[in-house]
Every structure is written in structure tokens, then in C-alpha cells.
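Colleague: Have a look at this prediction, sequence included:
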Amino acid sequence: MHESHGVTVTAYGESGPRLLGPQVLSPLRMRRDGAQLIHGPANSLPLLLAGLPGVVTIHDLAIYEHPEWFPGDQWFATKVIVPRSVHRARMIICPSHATKAATMRLFGVEAARCRVIPHGVETEFALPASPSVRAEVQARYALPERYLLQVGTVQPRKNYITTLRALARIPTPERIPLIVVGGFGWNYDPVVDAVRNLDLTSSVRFVGYAGMPDLPALYQMAQALVFPSLHEGFGLPVLEAFAAGTPVIASNAGAIPEVAGDAALLAAPEDDEALADSLLRLVSDRELRDRQVAAGRARAALYSWSTSAAAHRAVYESIVSA
């Protein structure tokens, strides 16, 4: 339970049978406990709302327009849970205008029922990691002196293939190794195969998941964040890199341009030639790099979790008092 400025938020775990628990029993417990509304923070509301008004956060809807990027066993969520949640919610929270537009287009929702509330970024990313922390992280992940960083689960939507093709375009003497931070997700085999087929075995390392104790230093020591995602409902790694003072090269897909503004070098998601060119420019042009770092820090300063929390509180209060 968390209380802030008169709003008490209680998280309910998925107790009970797999479907009956979260979809029926938990809402009944909420009603019994005196809840005034239900907020589904991850694309869905329970099937039973128990007479309570609902708020749902829709993070992104890429699965509807590009199902080939996702596993094929999510029909119940995509055909039943998400549409039902969108249509029954009193208010739909979206982290970006891109996601709001997709919600309106795909579900016929009116603009008045959608509220854009961007995410924030943790302050830890902007605090310079101490030399000892940097040394510990460098040793833990066996990091080279200079490296590029890509953060995200290894899966089709994150578009690691384009990163690898761009890396292969760069002559070996000028190539900076790529460190991949993220676990292996669905359909990751083509990425692993591409590393071998493009002769990048000595230039790419998969280090797996990294938590908050290590992430700020991983960003801060990187030469650049590479983020050519095929679609994002927000693109939090872009904001984390900005806060950390790391220049960003990203795609112009989904909400990324909306979040990045003019603080990142953007290109079409599958344009590996443009990505390679941007990488070479960033590492060779100190003035460009400094300009991008400053723009990124300024951009990150526009996003805070306290602002996001206040906007959520305003949504709750408007619904409860209606």
C-alpha cells in the first residue's frame, strides 16, 4: 500500500486460480476493501469490475498491426481482454500521443477518454557513477574500454538485426564492440545467427539482464546507445541514455521521435547504412557528440516520475468526484 497526497494505492497480487483469481476474486476483494476505482497499469482491466470505475494504461498496441513480431499464443488478451478493457474504462492513460492515436484508430475510442501521461526517468541515471562503481560494473560484465550499448529483450521488435548489419558495415579497425543488455526473448535465433553470419563474434557480447544497481554505469560508460526499434509506445531506454549523458542513435518509429525530440540522431528503422553513418559521425565528431549529450540531458529533464504521478492522481480524482 502506498499513500501520497490523499490518494492511497493498494496493489493486489494474482491470488487464487489462474483466471478466476485476477479476473473475479481480486476485484471482489477490492470492492470489499473500500476501493473507489480499479487501475489496470498493464493494458488490461479485470473482466469483473465489481461496480467500480476503471482506468487502464495502454502502453503500446504494436501486436495489432504487426502480430509477426510477437508469439502467437496471445489471442485471449488481444481479442478479449484488451478490447474489453479499453471500451469499459472511464479513462485510458497512454504514455505517448503515438499510443493515443493508435488506441483511437484501432478501437474507435474518442479523444476525450484518452489522457497522455508520459513516463519519467529515475534520478539514478543522471547521477555520475563513482570510479569504484564503474570499475565493479566493468569487471562484472567484462566490458571493453569503449563500447556501444543496446538495451532491450532480444526479440524481433527490438530490431537487433539492423544494429548488427550497421556494425558489419564499419571497417574492423574503426568498429566499436556492441554490448547487448537484455535477456533472450521470443524468436531470438535470427539475431544469434546474424552475429555468426556477419562475422561479428568478436564484436558483440550478450550480457543478459542488468538491474538498477548496474544500469546507470552501463549507460554512462557507453559511447552511444543504439536503439533502432521497429516500434515503441514510449522508448524508455532513450530517456535513460539522455539522463546518463549518453548520445542516442535511434529509429524514427512509433513514439521514439516524440520522446527524443531533436536530442537523438534518428533514421528509418531498417536503414543500416544510415545507422552505420551516424555511429561513425558520433565517435569521430566531438562537437556533434557534445551537442547531442547536452540536448539529451535537457530533454530528460522534461520527464519526471513526480510529474507523471501528479497527472495520474488528477485522473483518479476526476473519476472519483464525477
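Modeller: Alright, I've got the coordinates.
Colleague: got a list of what Ser251 touches?
Modeller: Asn159, Phe227, Pro228, Ser229, Leu230, Leu266, Ala267, Ala268, Pro269 (C-beta atoms under 8 Å, 6 or more residues apart in numbering). The way it works is simple: take the backbone N, C-alpha and C, and place the C-beta from them, glycine included.
Colleague: and those as TSV, adding distance to Trp186, secondary structure and pLDDT?
Modeller: Formatted as TSV, these follow (distance: C-beta to C-beta, whole Å; DSSP: H, G, I helix; E, B strand; the rest coil; pLDDT from 0 to 100):
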residue	distance to Trp186	secondary structure	pLDDT
Asn159	14	coil	98
Phe227	19	strand	98
Pro228	18	coil	98
Ser229	15	coil	98
Leu230	14	coil	98
Leu266	26	strand	98
Ala267	25	strand	95
Ala268	24	coil	98
Pro269	18	coil	97
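Colleague: Just the buried residues out of those, in PyMOL syntax.
Modeller: Burial among the contacts of Ser251 is assessed by 16 or more other C-beta atoms under 10 Å; the matching PyMOL selection reads:
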select buried, resi 159+227+228+229+230+266+267+269
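Colleague: In CSV: the contacts of Ser251, plus distance to Trp69.
Modeller: Shown next, in CSV, are the contacts of Ser251 (distance: C-beta to C-beta, whole Å):
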residue, distance to Trp69
Asn159, 9
Phe227, 16
Pro228, 14
Ser229, 10
Leu230, 7
Leu266, 20
Ala267, 19
Ala268, 17
Pro269, 12
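Colleague: List just the nearest of the contacts of Ser251 to Tyr188.
Modeller: The closest of the contacts of Ser251 to Tyr188 turns out to be Asn159 (C-beta to C-beta; 12.4 Å).
Colleague: Does the closest one touch Pro228 like I think?
Modeller: Yes - Asn159 is in contact with Pro228 according to C-beta atoms under 8 Å; the separation is 4.7 Å.
Colleague: between the contacts of Ser251, which is nearest Arg175?
Modeller: Once C-beta to C-beta is applied, the member of those that ends up nearest Arg175 is Pro228, at 16.9 Å.
Colleague: I'd say that closest one and Arg157 touch.
Modeller: No - Pro228 is not in contact with Arg157 according to C-beta under 8 Å; the separation is 10.7 Å.
Colleague: Report pLDDT for the residue lying closest to Pro156 once chain neighbours are set aside.
Modeller: With sequence-adjacent residues excluded and distances taken as C-beta to C-beta, 6 or more residues apart in numbering, Pro156 is closest to Trp69, at 4.5 Å. The model reports Trp69 with a pLDDT of 94.
Colleague: and Val226, what element?
Modeller: Per DSSP states H and E: Val226 is located in strand 224-227.
Colleague: and that strand, C-alpha only, in CSV?
Modeller: In CSV, the C-alpha atoms belonging to strand 224-227 read as follows (Å, rounded to 0.1, in the frame of the first residue of the first chain):
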residue,chain,number,x,y,z
ALA,A,224,26.4,5.6,-27.5
LEU,A,225,23.0,3.9,-27.1
VAL,A,226,21.8,2.2,-30.3
PHE,A,227,18.0,1.8,-30.4
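Colleague: That one packs against which elements?
Modeller: With contacts taken as 3 or more C-beta pairs under 8 Å, 6 or more residues apart in numbering; DSSP states H and E, strand 224-227 sits against strand 148-151, helix 236-244, strand 248-251, helix 272-284.
Colleague: Buried deepest among the ones you listed, which one?
Modeller: The highest mean neighbour count among these, using mean count of other C-beta atoms under 10 Å, belongs to strand 248-251: a mean of 28.
Colleague: how far does stretch 79-94 sit from the chain's center?
Modeller: 20 Å (C-alpha atoms, centre = their mean, to the nearest Å).
Colleague: joint contacts of Asn159 and Pro228?
Modeller: Common neighbours of Asn159 and Pro228 (criterion: C-beta under 8 Å, 6+ apart): Ser251, Pro269, Glu270.
Colleague: from these, which is closest to Ser321?
Modeller: Nearest to Ser321 among those is Ser251, at 41.3 Å by C-beta to C-beta.
Colleague: Pull the contacting residues for the closest residue to the closest one other than its chain neighbours.
Modeller: If the residues on either side of it in the chain are set aside, Ser251 comes closest to Pro269, at 3.9 Å by C-beta to C-beta, 6+ apart. Counting by C-beta under 8 Å, 6+ apart, Pro269 touches Asn159, Thr162, Pro228, Ser229, Leu230, Ser251, Asn252, Ala253.
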